[in-house]
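Participant: I would like the atomic coordinates for the input below:
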Amino acid sequence: MNQSSFEKATLKEKVYIVLEQGREISSRQFLYYNIKLYMLHDFFAEIWYIPSSNKIDKVETLILDEVLSIYRNDFDISSLLK
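Facilitator: The predicted model follows:
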């Protein structure tokens with residue numbers, strides 16, 4: 001599945017695809033959300049979860065530049081620079 005067809009799916013379908021086919025690579029907190037970052041095929045997706053209501057609010061796709069900007073402190077690439 002590519003990013004374009006993924007973005008056309010319903011929220012329920014997106015959640016299923018991410019949890020079944022994605023690989024969790026990071027997580028973060030933002031306001032009242034627990035956000036988990038997944039890698040799918042050739043793109044990234046975040047699941048935005050609200051613990052207080054036990055609800056997934058949205059699933060967002062990201063490009064690599066956005067991932068590197070948002071999660072820059074979570075990845076150590078120093079060994080690649082040697």
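Participant: alpha carbons only for contacts and neighbour counts from here, please
Facilitator: Noted.
Participant: pull up the distance across stretch 38-46, start to finish.
Facilitator: 6 Å (CA to CA, to the nearest Å).
Participant: please name the bridge partners of the closest residue to residue 74 other than its chain neighbours.
Facilitator: Nearest residue to residue 74, sequence neighbours excluded (CA to CA, 6 or more residues apart in numbering): residue 26, at 7.4 Å. With DSSP bridges applied, residue 26 shows beta-bridge pairing to residue 37.
Participant: number of nearby residues for residue 26?
Facilitator: Residue 26 sits with 15 neighbouring residues when counted by other CA atoms under 10 Å.
Participant: OK, contacts around it?
Facilitator: For residue 26, the contact set (CA atoms under 8 Å, 6 or more residues apart in numbering) comprises 36, 37, 38, 71, 74.
Participant: where in the protein is pLDDT low?
Facilitator: 73, 75-82 (pLDDT under 70).
Participant: tell me how far the residue nearest to residue 48 when sequence neighbours are not counted lies from residue 41.
Facilitator: Distance criterion CA to CA, 6+ apart; nearest residue to residue 48, sequence neighbours excluded, is residue 35 at 4.7 Å. Using CA to CA, residue 35 is found at 19 Å from residue 41.
Participant: settle it for me: which of the two has more neighbours?
Facilitator: Neighbours per residue (other CA under 10 Å) separate residue 35 from residue 41, with residue 35 holding more: 20 against 12.
Participant: got the buried residues for the biggest helix by length in the chain?
Facilitator: In the chain, taking DSSP state H as the definition, the longest helix is helix 11-21. Buried residues in helix 11-21, defined by neighbour count with 16 or more other CA atoms under 10 Å: 11, 14, 15, 18.
Participant: which residues touch it?
Facilitator: In contact with helix 11-21 (CA under 8 Å, 6+ apart) are residues 6, 7, 38, 40, 45, 47, 58, 59.
Participant: ok now that helix, how far from the chain's centre?
Facilitator: Chain-centre distance of helix 11-21: 11 Å, with CA atoms, centre = their mean, to the nearest Å.
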